[in-house]
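Asks: Sequence plus the predicted model coming up.
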Amino acid sequence: MNINLTLYLALTLTVFLVFALLFAPVLLRPAPGARRILELVQSARPDRRTVSGKERLKESILRAANGLRGRLGLAENAAFKAQLLSAGFKSSRSLSAYTASRIIGPIIGIICGSFIQTNTVFWACVCGVVLYLVPDMWLKSKIKSRRERIRKSIPDALDLLVICVEAGLGLDQAMLRVGQELDISHPDIHQEFMQINLEQLAGKPRLEAWKSAAKRTQIPEFDLFVGMLTQADRFGTPIVKALSRFGDEIRLKRRQRAEEMAAKTKIKILFPLVMFIFPCIFIVLLAPALLSMSKNLQAFK
């Protein structure tokens with residue numbers, strides 16, 4: 001009885017699988033819209049791309065770093081992401097590359113330090129610590145240089161915003177247009193304006209998108225710019241007058257900063273002047289007198 005039941009169940013399952021295989025192409029075929037999209041994106045050309053060993057090694061390293069980053073709990077670390085966004089790196093690969101450099105760098109430093117014959121442990125630790133800190137120092141330098149570039153590009157962006165708003169564009173359309181125009185000359189502020197536009201298209205309120213841009217850049221001038229736009233939007237201030245007045249203030253501050261840096265050069269130049277220039281002057285002025293005095297003293301002998 002059990003044998004007959006088992007045979008009946010096996011036969012039923014076989015018949016079901018056969019019918020499922022027969023009707024699967026009909027039941028699982030894509031909708032007409034999906035078929036149309038597949039026809040548009042599919043290409044008849046053969047894929048002749050060749051992936052080099054260097055690219056495979058890079059992908060494997062990034063994949064391993066991504067897995068290790070998830071195990072260490074760095075995947076959700078907001079501080080790392082904020083630093084990378086401030087430096088202009090927005091892809092997930094950049095975080096994996098940064099993590100890989102912080103992990104592989106000390107290992108390479110320890111290996112290189114082990115080749116030193118004297119004080120091997122000390123030099124291995126020093127090289128490991130240095131290569132562990134190098135990515136962080138490089139990232140901070142990238143953040144600083146990007147902030148300086150954005151600071152220098154703000155007056156040009158304000159001039160273009162004033163022109164676009166006077167021409168009849170709204171503030172959002174003007175920022176989009178200015179971002180497109182500054183793609184080549186000022187790519188950093190172009191990225192910020194495009195990011196603001198994308199966040200607004202995704203449904204983020206205008207004020208929050210501006211404040212998030214100010215938080216990413218962390219530049220006093222950009223914070224003032226966002227505050228001015230926020231007040232103009234909230235209180236209905238004429239945006240053209242506000243932009244023109246703010247542009248004049250930014251140029252005045254830039255001129256004052258340049259004068260301050262020029263005034264500091266008088267103090268900074270004292271150290272190379274005393275350490276390098278004055279000794280040379282003393283040698284040029286006093287060497288002939290000393291030589292003549294030594295000759296005269298020899299003559300008396």
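Replies: Done, it's in.
Asks: which SSE is Met137 in?
Replies: If you go by DSSP states H and E, Met137 is part of helix 120-166.
Asks: which is the next helix or strand following that helix?
Replies: Toward the C-terminus, helix 120-166 is succeeded by helix 171-181 as the next helix or strand (DSSP H and E).
Asks: Contact partners for Val134?
Replies: Neighbouring residues of Val134 by C-beta atoms under 8 Å, 6 or more residues apart in numbering: Ser101, Gly105. Where you see a C-beta, it was placed from the backbone N, CA and C, and this is true even at glycine.
Asks: Go again with 6 Å.
Replies: Contacts here follow C-beta atoms under 6 Å, 6 or more residues apart in numbering; on that basis Val134 touches nothing.
Asks: Give me the distance between it and Ile104.
Replies: 11 Å (C-beta to C-beta, to the nearest Å).
Asks: again, but for Gln200
Replies: Plainly put, Gln200 is 39 Å away from Ile104 if you go by C-beta to C-beta.
Asks: Could you give me the buried positions within stretch 237-246?
Replies: Ile239, Ala242, Leu243, Ser244, Phe246 (16 or more other C-beta atoms under 10 Å).
Asks: contacts for that stretch?
Replies: Leu158, Leu161, Val162, Val165, Glu166, Leu171, Met228, Ala232.
Asks: at 10 Å instead, please
Replies: Residues outside stretch 237-246 that contact it (C-beta atoms under 10 Å, 6 or more residues apart in numbering) are 154-155, 157-166, 170-171, 174, 221, 224-225, 227-229, 231-233, 235.
Asks: How about stretch 208-217?
Replies: Contact with stretch 208-217 is made by 82, 85-88, 90, 143, 146-147, 150-151, 154, 172, 175, 188-189, 191-193, 195-202, 204-205, 220, 222-227, 229-230, 233, as judged by C-beta under 10 Å, 6+ apart.
Asks: again, only this time at 8 Å
Replies: Contact partners of stretch 208-217, identified using C-beta under 8 Å, 6+ apart, comprise 82, 85-86, 147, 150, 192, 195-196, 199-200, 204, 222-223, 225-226, 229-230.
Asks: contacting residues for Val126?
Replies: Taking C-beta under 8 Å, 6+ apart as the criterion, Val126 is in contact with Gly109, Gly113.
Asks: can you pull the pLDDT of it?
Replies: Per-residue confidence at Val126 stands at 85 (pLDDT).
Asks: Would you mind giving the domain segments of this structure?
Replies: As assigned by automatic domain parsing, the chain contains the domains 73-145, 147-266.
Asks: Show me how far the last one is from its chain's centre.
Replies: Going back to what we said before, that points to domain 147-266. In this view, domain 147-266 has its centroid 19 Å away from the chain centroid, taken as C-alpha atoms, centre = their mean, to the nearest Å.
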